[in-house]
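Undergrad: what would the 3D arrangement of this be:
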Amino acid sequence: MERPLPAGPPTVQSPRPDSPPPDQQHQEDIDGVQNTRMRIEHALRGQLYSLQYPLSSAGAPIPQERLSGTAYEHYVSAAGSERNPYAPFTSRIDWEVARWAKLRGPGSTAVSDLLQIPGVWERLGLSYKNTRELNELIDKGIPYVRPRFQLKEIALGDEIYEVYFRDALECVRALFGEPEFASHIVTRPERFYADPDRTKRVYWDMFTGKWWWAMQTELDHMEEGGTVVPLIISTDKTQVTLFRNKAAYPVYLTIGNLPKEIRRKPSQHGQVLLGYLPTTKLEQITNASARRRMLANLFHASMREVLGPLKDSGQSGVPMARGDGAVFRCHPIFAAYVGDYLEQLLVAGVKYGECPKCEVPRDRLGDPETKYPLRDLEAVLEILEIADDRPADFLKSCREAGIRPIYRPFWDDLPYCDIFLSITPDILHQLYQGVFKHLVSWIKSAYPHHEIDARCRRLPRNHNIRAFMKGITGLEKLTGREHGDIARIILGLIADLPLPNGASSARLVKATRALLDFLYLSQYPIHSSDTLALLDDALKRFHANKSIFIDLGIRTVFNLPKLHALDHFREMIEFLGTPDNFNTEYTERLHIDFAKDAYEASNKKDEYPQMTQWLERKEKVLQHEKFIAWYNAGCPSLSVLNSLEPQMQQLLMPKHPSRKSVHFDILAQEYGALNFREVLSRFVANHRYPGLRRPQLQQETFFTHIPFNRVSVYHKARFWDDDFSQFRNANDYDVVHCCPSYTSKRGIQIPGRFDTVLVNNGNDPDSQNIKDYCIARARVIFSIPPLGQHLFQSVGANYDYLVYVEWFTTFQHPDPNHGMYKISPLYQDGSRVTSIIPLANIRRSAHLSPVFGAVADRTWTADNVLDVCTKFYVNNFSDRHMFGIIY
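TA: Below you'll find the predicted structure:
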């Protein structure tokens, strides 16, 4: 194929919902895509315009071929659960104890100890007396839904190496047929646009990219009616012990038919552990070059064995049943490889220091002007074909082509596979642990360490900002998360910091801002032609200003492979969808379940048979748990299972107030809410008589009677921002604190904290326009007591929670170098301008970075800086939601 150019068992008799008739099946497939589209439209706050793939047979079920029931209905028969959904367990308590025993952690000692207590298992009515009997019950009684592991020995030289793996085709079949995924499986490509003229293309999941459309076209040229199943493969070696230097080398598999909301969440189980590769270091080979060559060949020989079943199925297609029973002719095709830079080189067979995707010379990696073509797959395959017949020519040709002399790489005969096109962007290693890590080191070389650290200690506190009270210059071996925390504050630290030699810092600040823009833009869960243009512009701005690091003697060249990788982000987003489809951060999280916990469950000797068996049992229990939940819910239609829409309250308040009946005088003394009664009277008058001029409002304020002098206050409020909800985990709220100082139980005086917030002016609550917002400092979050509820009855308003705030000046123009808005506390007649507003008007917390000047005032602290500093920058990068609003 040419590379795409950029531009069964019987049905159970117990009551079950009927499966949809065949003539409704295609419409249900379309409905699944429309549900996804509605989620994206909600995030974009606008309508999408789609272009359907021209052939209706593409990605459609095979006519007249449908299983007699859903996957759960077949599971009932296989598990013998027609009358007892807990079978092979005798009762709910029997099942719940077994579930607890297998999911509580990697070890089983506590379970054995519990069951050995005399009378425990009898009184609980358990069908097992110890862990051994429980394991036998799981092994024999719960059916396998995902394939079992197998062992294969691979001979390389005089050595034999073991590979534990599963049948890759059966793993694909299991994912495609998972009943919890049935309503979310996408089987055909589609193009989306943000405008009716179809000029602004929109990308998010894989089916919106150019690759899937081109692959579907290729299949239809051979035979219509096929369904593309894009395979996403990840590999990453990881340490499973701290001291014994024990490693595991897992291979993960998922399919692009699943939405990324499923693939990236371990709780969804949308990723399958495909196998464990050999972790040998081949220390017996003393020649370093020969050892590297042998390790590469061992990797590819192992991966060839693991992915072997996909060769024929990708070409000719195989029938696969979706969870609802619909059968498709599926073509599993290697589409994307996820890994860090070293893994990318190993997979592509490219030498260190070069780009694994394109033909750019290593001494031109820092040149953004010249665009180089992707590596020529056909030319590489021709070189690989002469390995057996002409070894000397093979080695010479590999050197000339800049590739490693690998004997039969695993991808050379996978149908439709272009390994160089399959290398995906990596937010974790290429951006946070790559380019941004370099940027931080350059900044530390440019500025005095003591001044950078002094500024870190004086940043005001915020829920999204990590407090680096010892600074950042002395930190070593940082994780991607820690680099992310530094990215939130780095621009504010250097915005007005002069260079020691008196040179202008404008270019350095512009380069930093540009790279941060690229970092945050690339993480958008949805991209359009407009946002991709912004991504290109950010990269151009960085290259236009990076020479400052050469002028300062920090760099001589910029031939960094990870920096060059940024040149490929746009084209890969257009090919395969947004980078959050392929972030290696997801596989880092999978290591906990599939490698580290599995190793801990073994006896550390001959561990792989024990690890694979432990994982098989855990998968069985998890699958049985989902089946029982479905059964006990009344066996609902699969179309209503596993909703991907987070049901989150936009405002989440504590059940009880932090302090009840706080007097107005205490609000002034401890919370800083001066003139609280007057401000509250003005709020009531303004809502009773909206539109009054200032003199009239003052008069009505004077005559407004507040029949109470105490309110209940809340020290925190949680906000859920559903704009671009894919940015967050479902339990990750933004938090605003309004808490006075207090003495802890240990007698330590804890300073008060009153956060700054982003307030909507009420014209458009969902606005992404910065002109619709302003900054305020929240002093008191409170509720009106019952005695005062009548104050708002005349206007029909119901204000559950109100906030006393101090205002800052409005947004004017961003700084031309760092792009942040400068604001100051707002005063009138020598006093802070204050108001009471509904808590619902607050969009989220806001972080302000003080305008430090040349040297940070050493009397400032993180606790008093909002009180004593007179000028601030609004931090664009406190989190990705804030960036989306004030970019």
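
Undergrad: the most far-flung residue of the chain relative to its centre and Gln696, how far apart?
TA: For the chain, the residue at maximal distance from the C-alpha centroid (Cα atoms, centre = their mean) is Phe703, at 54.2 Å. For Phe703, the distance to Gln696 equals 11 Å [Cβ to Cβ, to the nearest Å]. The C-beta positions use only the backbone N, C-alpha and C, and glycine is treated the same way.

Undergrad: ditto for Ser529
TA: 51 Å.

Undergrad: out of those two, which sits in the busier spot?
TA: Set side by side, Ser529 and Gln696 show more neighbours around Ser529, with 15 against 12, by other Cβ atoms under 10 Å.

Undergrad: which residues sit in contact with the more buried one?
TA: By Cβ atoms under 8 Å, 6 or more residues apart in numbering, Ser529 lies in contact with Ala194, Thr199, Lys200, Arg201, Val202.

Undergrad: pLDDT wise, what is it at?
TA: Per-residue pLDDT puts Ser529 at 92.

Undergrad: how about Ser81, nearest residue that isn't a chain neighbour?
TA: Excluding the flanking residues, the one nearest Ser81 by Cβ to Cβ, 6 or more residues apart in numbering is Ala87, at 4.5 Å.

Undergrad: scratch that, Lys562 is what I was asking about
TA: Nearest non-adjacent residue to Lys562 (Cβ to Cβ, 6+ apart): Gly434, at 3.4 Å.

Undergrad: name the helix or strand for Leu758, please.
TA: Assessed by DSSP states H and E, Leu758 sits inside strand 756-760.

Undergrad: that strand - which strands sit beside it in the sheet, and in what orientation?
TA: Here strand 756-760 is paired, per DSSP bridges, with strand 773-783 (antiparallel), strand 842-846 (antiparallel).

Undergrad: mind showing which ranges of the stretch 1-150 of the chain have poor pLDDT?
TA: 1-46, 106-108 (pLDDT under 70).

Undergrad: and the helices in it?
TA: Using DSSP state H, counting those that start in this stretch, the helices of the stretch 1-150 of the chain run over residues 22-44, 71-79, 92-103, 109-115, 120-124, 131-141.

Undergrad: just the CA atoms of the next helix-or-strand element following the last one, as CSV, please.
TA: Translated: helix 131-141. Next along the chain after helix 131-141, taking DSSP H and E as the criterion, comes strand 150-156. Output of strand 150-156 as CSV, limited to C-alpha atoms (Å, rounded to 0.1, in the frame of the first residue of the first chain):
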residue,chain,number,x,y,z
GLN,A,150,2.0,-19.6,26.3
LEU,A,151,5.7,-20.1,26.4
LYS,A,152,8.0,-20.1,23.3
GLU,A,153,11.7,-20.6,23.2
ILE,A,154,13.7,-18.6,20.8
ALA,A,155,17.2,-19.6,19.8
LEU,A,156,19.7,-16.9,19.1
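
Undergrad: which outside residues touch strand 150-156?
TA: With contact meaning Cβ under 8 Å, 6+ apart, strand 150-156 is reached by 160-167, 278, 294, 297-298, 301-302, 305, 609.

Undergrad: Arg104: which of those is nearest?
TA: Ranked by distance to Arg104 (Cβ to Cβ), those are led by Pro609 at 22.3 Å.

Undergrad: do you know the pLDDT at the closest one?
TA: Per-residue pLDDT puts Pro609 at 95.

Undergrad: okay, strands next: where are they in the stretch 401-550 of the chain?
TA: Defined through DSSP state E, counting those that start in this stretch, the strands belonging to the stretch 401-550 of the chain, from first to last, are 527-528.

Undergrad: against which helices or strands is the longest helix along the chain packed?
TA: In the chain, with assignment by DSSP state H, the single longest helix is helix 607-632. With contacts taken as 3 or more Cβ pairs under 8 Å, 6 or more residues apart in numbering; DSSP states H and E, helix 607-632 sits against helix 71-79, helix 92-103, helix 131-141, strand 159-165, strand 272-276, helix 597-600.

Undergrad: parallel or antiparallel, list what pairs with the next helix or strand after it.
TA: As assigned by DSSP H and E, the chain's next helix or strand after helix 607-632 is strand 651-652. Looking at strand 651-652 with DSSP bridges, its partner strands are strand 716-719 (antiparallel).

Undergrad: the partner strand: what's the following helix or strand?
TA: Counting by DSSP H and E, what follows strand 716-719 is strand 734-739.

Undergrad: got the angle for that following strand vs strand 756-760?
TA: 120 degrees (axes from the mean of the first three to the mean of the last three Cα atoms, to 10 degrees).

Undergrad: tell me what the helix or strand just after strand 734-739 is packed against?
TA: Toward the C-terminus, strand 734-739 is succeeded by strand 742-743 as the next helix or strand (DSSP H and E). Applying 3+ Cβ pairs under 8 Å, 6+ apart, we find strand 742-743 packed against strand 749-750.

Undergrad: so which residues make contact with the strand it packs on?
TA: With Cβ under 8 Å, 6+ apart as the test, strand 749-750 has contacts from Ser741, Tyr742, Thr743, Ser744.

Undergrad: could you identify the most distant pair in those residues?
TA: Maximum distance among those (Cβ to Cβ): 10.5 Å, for Ser741 and Ser744.

Undergrad: which one of the two has more residues nearby?
TA: Counted by other Cβ under 10 Å, Ser741 and Ser744 do not tie: Ser741 has more neighbours, with 11 against 8.

Undergrad: count of neighbours near the closest residue to the more buried one other than its chain neighbours?
TA: Closest residue in space to Ser741, ignoring its immediate chain neighbours: Gly752 at 4.1 Å, by Cβ to Cβ, 6+ apart. When neighbours are defined as other Cβ under 10 Å, Gly752 has 18 of them.

Undergrad: cool, Ala446 as well?
TA: Based on other Cβ under 10 Å, the number of other residues close to Ala446 is 21.

Undergrad: same check, this time on the one 10 residues further on
TA: Residues lying near Cys456 (other Cβ under 10 Å) number 23.

Undergrad: on that earlier part again, now, of the contacts of Ser529, which are buried?
TA: Buried positions within those, assessed by neighbour count (16 or more other Cβ atoms under 10 Å), are Ala194, Lys200, Arg201, Val202.

Undergrad: from these, which land in strands?
TA: Members of the buried ones among the contacts of Ser529 lying in strands (criterion: DSSP state E): Arg201, Val202.

Undergrad: just flag the most distant two among the buried ones among the contacts of Ser529.
TA: Greatest spatial distance among these (Cβ to Cβ): Ala194 and Arg201, at 7.9 Å.

Undergrad: what touches both of the two?
TA: Residues within reach of Ala194 and of Arg201 at once, by Cβ under 8 Å, 6+ apart, are Ser528, Ser529.
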